[in-house]
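Enquirer: this one's sequence-less:
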């Protein structure tokens, strides 16, 4: 099963994202900030880091850079509602995907499916 580490500081958004991904067959570990994600990356193997960019303590870009040092094979996808931050993410992590808020949960699942070549059309 594909394992996703979700870092999102908004409680409601984190719950919705985790639920949508779990319903589509992904295993999700969710944290409320970047600094809480690092110990999990040390202990477990994740296939994808799905992170908001604007978060307290450590932003998603810094988290992704540290995560790539710790787990080079882990893929990264950013979610953000700020256009300027999207450009910063693209230059800092050129191979990462960026999904701009607002988005439909179906769009998120489709993007994750594309990353892993999964067909979840009937599950959404």
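Expert: Thanks, I have it. Nothing here was measured: the structure is a model prediction, and the numbers come from that model.

Enquirer: surely residue 6 is in a strand?
Expert: Yes: counting by DSSP: H, G, I helix; E, B strand; the rest coil, one finds residue 6 located in a strand.

Enquirer: would you quantify the distance from it to residue 18?
Expert: In this view, residue 6 and residue 18 are 6 Å apart by Cβ to Cβ, to the nearest Å. All C-beta atoms are positioned from the backbone trio N, CA, C, and that covers glycine.

Enquirer: and what of residue 7?
Expert: 11 Å.

Enquirer: overlap in contacts, those two.
Expert: residue 30 (Cβ atoms under 8 Å, 6 or more residues apart in numbering).

Enquirer: what about those two, which has more around it?
Expert: Ranked by neighbour count (other Cβ atoms under 10 Å), residue 7 and residue 18 place residue 7 first, with 29 against 18.

Enquirer: next, the contact list for that one, please.
Expert: Residue 7 neighbours (Cβ under 8 Å, 6+ apart): 30-34, 36-37, 49-52, 55, 60, 63.

Enquirer: cool, residue 118 as well?
Expert: The neighbourhood of residue 118, defined by Cβ under 8 Å, 6+ apart, consists of 2, 25, 112.

Enquirer: repeat for residue 57
Expert: Contacts for residue 57 (Cβ under 8 Å, 6+ apart) come out as 33, 34, 35.

Enquirer: which residue ends up closest to the midpoint of the protein in space?
Expert: residue 50 (0.5 Å; Cα atoms, centre = their mean).

Enquirer: that one bridge partners, please.
Expert: Beta bridges link residue 50 to residue 6, residue 77 when assigned by DSSP bridges.

Enquirer: and the pLDDT for it?
Expert: Here, the pLDDT recorded for residue 50 equals 98.
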